[in-house]
Every structure is written in structure tokens, then in C-alpha cells.
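1. I need the structure of the sequence given here:
(one chain, ligands or ions: 2)
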Amino acid sequence: MLEIKGLSKSFDGTEVLKDISLQVDKGDVMTIIGPSGTGKTTLLRCMNFLERADAGIMRFQDAEIRLKTVTKKEISRFRRHTGFVFQNYNLFLNKTALQNVTEGLLARKISKEKAEKAGREALDRVGLSDKCAYYPAQLSGGQQQRVAIARTLAADPDIIFFDEPTSALDPELTEEVLTVMRKMADEGMTMVVVTHEMGFARHVSNKVVFMENGKIVESASAKKFFENPAEERSKEFIRMVG
Ligand SMILES: Nc1ncnc2c1ncn2[C@@H]1O[C@H](COP(=O)(O)OP(=O)(O)O)[C@@H](O)[C@H]1O
Ligand SMILES: [Mg+2]
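-> Numbering: from 1, shown residues only. Ligands and ions are numbered 1, 2, ... in the order given. Okay, the predicted model is just below:
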């Protein structure tokens, strides 16, 4: 469904991503793990055209995109089929939960009635049907992140990207967000998740990509990675965080 080949990216002459290749199939939950500063966020941002890669191609559904010369049209097509959940939610503070969720749908010229129906359904899926009229400031961090997830769900994406969706949250609130994500995984949603949550990587994801210093060290099934990693560095990392 989504394939990346040979993605590289430098900032000011320093290469932060080196020849990254990976493949996401329909229904996969891929976790991208590794130490801080390794390039995980940059990879996700390059894969979503929030950042321009210097080299590499993407195959997405039936299209092949050259990352360096991607066009506006290619980006908007990609965005119509994908969602992105940020570490800090990125909600509009002056809009209610429901308005945040429907905003993107209305921008796509979907009728107010249909958008609100889809918005309420999405909020219901993340357990927030009673919070439609609340503003972000009236919600906990965990609830705000669930609104952000509902916003992506409402658009019925084929794949959702998450960049450390729980790293700004206390343990309890982390759990409520992970529960929603686990449910999405069970329902077959295709997800690519940058995370430090090793329990999620081990028990919910089916594919693990372990990165360090801008490179993929090991890419394997979650079972293989955690039970019998091929690389010495992977073993060390698992010992350290596991
Ligand atoms: N906009 C930017 N300009 C310059 N350097 C950046 C920028 N964004 C990230 N970097 C650098 O790229 C490297 C990878 O960062 P990042 O992708 O945020 O890592 P991770 O998400 O794994 O912690 C780091 O050395 C970081 O300082
Ligand atoms: Mg990061």
C-alpha cells in the first residue's frame, strides 16, 4: 500500500536520514522506534511531505512519487487518503471538539449535516460522544489527543501516521490513548507509529523498524524483533528499554 525506497534527507549539510526503505501493507501496524535525535520524526514528516526529502521514491496505492520533486497535486491526493496525529494534538483552541473534527470535512465541501454526522461518529469511536461541545482547554491531554485521532478517523483515511502520540501525557492518559489505538489496530486500520511505548510496539504492532543515527538498524516482524533480533544493537536497545 505504501512503499518508501532510498529516502535521504540533510539539514544544513548534515545527513539525518540515510537511504531509508520500508514497506507498509494494508492492515499493518508499523512502529518506528529508536533513541531520540535518530530521525524518526523527520522520517514521518518526509513521508507526509511536511518536510521535503532530498532523494527517494514513494509508491502509494497505484502512484509513484519522486519525493524531491513531488507536486502539489500529488501531495493533495496523498493527504486525501491519509491522516497524521501529532505529539501535541494541533487542535484549534477556539473550536469545539466537534468543530475540530469536522473542519477538514467542511473544507472538502462536504455538507454540514454529513460532516457533523461523521464527526459525531468519529468522536463516539474514541469514547468522546459526550464531549462534542467542549473546547480543547476543557479537555485533558488524553481527551485532546483522542479528538485529534477522531479528526483523522472522520476523513476515513487508508493509513494514519502518529508521531509519539502519547509522549506529552501522564501514564493514565497515555493508557486511554493507547486503548483507542489498539482498538483501531484490531479493526484493521493501517497505522505507522513513532513511539517509545515498547508494550505497544511489542504487543500491538506487527512490524518494527528500529532506527539509529538516521539509518534503519533492523526491520522485522514485532515477534522476531523482540524475541530474536538479528542485530547486536537491537538486543542492547531492547535490554535498555524493555
Ligand atoms: N528543521 C530542522 N533543522 C535542522 N535540523 C533538524 C531539523 N529537524 C530535525 N533536525 C535534526 O535532525 C535530527 C533528527 O531529529 P528528529 O527527526 O526530530 O529525531 P527523533 O524524532 O528521532 O528524536 C536531529 O539531529 C535534529 O536536531
Ligand atoms: Mg521525534
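2. Give me the buried positions along stretch 183-202.
-> 184-185, 189-198, 200-202 (16 or more other CB atoms under 10 Å). Bear in mind the C-beta positions are built from the backbone N, C-alpha and C, glycine included.
3. Please pull up the helix or strand immediately following the helix or strand encompassing I57.
-> In this assignment (DSSP states H and E), I57 forms part of strand 55-60. Counting by DSSP H and E, the next helix or strand C-terminal to strand 55-60 is strand 63-66.
4. What are the buried residues along that next one?
-> Neighbour counts over strand 63-66 (16+ other CB under 10 Å) mark I65 as buried.
5. Repeat that for stretch 91-108.
-> Buried, per 16+ other CB under 10 Å, within stretch 91-108: L91, T96, A97, L98, Q99, N100, V101, T102, E103, G104, L105.
6. CA atoms of that stretch as CSV?
-> The C-alpha trace of stretch 91-108 is given here as CSV (Å, rounded to 0.1, in the frame of the first residue of the first chain):
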residue,chain,number,x,y,z
LEU,A,91,-6.2,21.3,17.7
PHE,A,92,-7.8,24.7,17.1
LEU,A,93,-8.2,26.1,20.6
ASN,A,94,-11.1,28.4,19.5
LYS,A,95,-13.1,25.4,18.1
THR,A,96,-15.1,22.8,19.9
ALA,A,97,-14.2,19.1,19.7
LEU,A,98,-16.8,18.6,17.0
GLN,A,99,-15.7,21.7,15.1
ASN,A,100,-12.1,20.5,15.2
VAL,A,101,-13.2,17.1,13.8
THR,A,102,-15.5,18.4,11.1
GLU,A,103,-13.3,21.3,9.9
GLY,A,104,-11.4,19.3,7.4
LEU,A,105,-14.5,17.7,6.0
LEU,A,106,-16.2,21.1,5.5
ALA,A,107,-13.1,22.4,3.8
ARG,A,108,-13.7,19.5,1.3
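7. circling back: any idea which of the buried residues of stretch 183-202 is closest to ligand 1?
-> V194 (6.6 Å; CB to the nearest ligand atom).
8. Show the contacting residues for that closest one.
-> Contacts for V194 (CB atoms under 8 Å, 6 or more residues apart in numbering) come out as T31, I32, I33, K40, T41, L43, L44, F162, D163, E164.
9. now do A222
-> Counting by CB under 8 Å, 6+ apart, A222 makes contact with T31, A201, R202, H203, S205, N206, K207, V208.
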